[in-house]
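**Q** take this sequence and fold it.
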Amino acid sequence: MDLSLIQKDILITLITLYHQSSHSIKGEEIAEVLKRNPGTVRNQMQALKALGLVEGVPGPKGGYTPTAMAYRELNLVNYEHQSDVPISRGGETVRGVRVAELDFTTLCHPDLCHAVVKIIGSVKHFKVGDLITIGPTPVNKLLVRGEVYGMDENLPALLISISEMISLPKQPIKTFMSTPLLTLSHDETFSDAIRLFNAHHIHGAPVMNGADLAGIVTISDIIRGLDEGMAMDTAVTAVMTTDVVKAPSNIRIFELVGRFKEREIGRLIVMEDGRPVGIVTQSDIIRVFPSL
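**A** Residues are numbered from 1 along each chain as shown. All right, here's what the predicted structure looks like:
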């Protein structure tokens, strides 16, 4: 059947949002992603429903879901078995769009490296000059950065000039963590912490209460405590952070990058069998990914 461009955009956006959220999608959500009038989307939804491409889900939490025919119509038969390859702009993932294929059109040119990025979603989310990041890809954990210089609505695809490609290490964080782990006891003081920091040229350490992780204290915490009038013999528990960001030792390091940004932290504790075994700092991340 011949679908109009807006019908294809709506259907592809519905499928993408449906797989991202695993629940029925409201017409308003699709309209927001496509920057379209909600009434226009609702009208087109009725047409797509009559064609057997979408199903309506009643109720306050209802909306629309794609049918098997929709996947066949858009040649997305294996879509649900594919890994999600995101595309972001300005550090924010573009909602309702994912990358289906990356074709390099120039590799041998000494100054240029161009690619065609085939997407599942609408090219209307982008404009010429946008700086985008693709990935990481599922197998080789490749990140590709570039600038959009053209668009093809029929494919749909973005034409990009690649500025950078990074292959993210797949090793677990225990490969990069600092160990043995230097710790402070819960009854140690500001003085004890400063001695530890100076002796080992570090800026923070976990605080232990016996075998249990009680918190983490940094040089910034100590300085803040002193500014507030606390004495050097004050216990580090007075200024430590109890909400410690932790990660298992087998998690891969590229998975931590987002966590550092989201939580605005400088370090996290690596755990193994329920106990802390190492520490990974923002400096460790930067050494592995100097351009991130």
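**Q** and the closest residue to Val57 other than its chain neighbours, what are its phi and psi?
**A** Distances taken as CB to CB, 6 or more residues apart in numbering place Ser24 nearest to Val57, at 4.0 Å, with adjacent residues excluded. Every C-beta, even on glycine, is put in place using the N, C-alpha and C of the backbone. Dihedral pair for Ser24: phi -60, psi 150, per degrees, to the nearest 10.
**Q** I'd like the numbering to begin with 833 instead of 1 from here.
**A** Got it, the first residue is 833 from now on, which makes the last one we talked about Ser856.
**Q** and Ser856, how far from Leu1028?
**A** Per CB to CB, to the nearest Å, Ser856 is found 55 Å from Leu1028.
**Q** which residues of the protein fall in helices?
**A** With DSSP state H applied, the chain shows helices at 837-853, 859-866, 870-882, 900-905, 1022-1032, 1051-1059, 1089-1095, 1114-1120, listed in chain order.
**Q** buried ones in the longest one?
**A** Spelled out, it's helix 837-853. 839-851 (16 or more other CB atoms under 10 Å).
**Q** what segments of the stretch 983-1124 of the chain are strands?
**A** According to DSSP state E, counting those that start in this stretch, the stretch 983-1124 of the chain carries its strands in the segments 989-999, 1016-1017, 1036-1041, 1044-1050, 1078-1080, 1099-1104, 1107-1113.
**Q** including distance to Met1064, could these go into a markdown table?
**A** Below are those laid out as a markdown table (distance: least, CB to CB, whole Å):
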| stretch | distance to Met1064 |
| --- | --- |
| strand 989-999 | 45 |
| strand 1016-1017 | 14 |
| strand 1036-1041 | 17 |
| strand 1044-1050 | 14 |
| strand 1078-1080 | 29 |
| strand 1099-1104 | 23 |
| strand 1107-1113 | 24 |
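**Q** could those go into JSON lines alongside mean pLDDT and distance to Asn907?
**A** What follows is those, written out as JSON lines (pLDDT from 0 to 100; distance: least, CB to CB, whole Å):
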{"stretch": "strand 989-999", "mean pLDDT": "89", "distance to Asn907": "14"}
{"stretch": "strand 1016-1017", "mean pLDDT": "96", "distance to Asn907": "59"}
{"stretch": "strand 1036-1041", "mean pLDDT": "93", "distance to Asn907": "52"}
{"stretch": "strand 1044-1050", "mean pLDDT": "93", "distance to Asn907": "51"}
{"stretch": "strand 1078-1080", "mean pLDDT": "89", "distance to Asn907": "39"}
{"stretch": "strand 1099-1104", "mean pLDDT": "89", "distance to Asn907": "42"}
{"stretch": "strand 1107-1113", "mean pLDDT": "89", "distance to Asn907": "42"}
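**Q** alright, that wraps it up for me.
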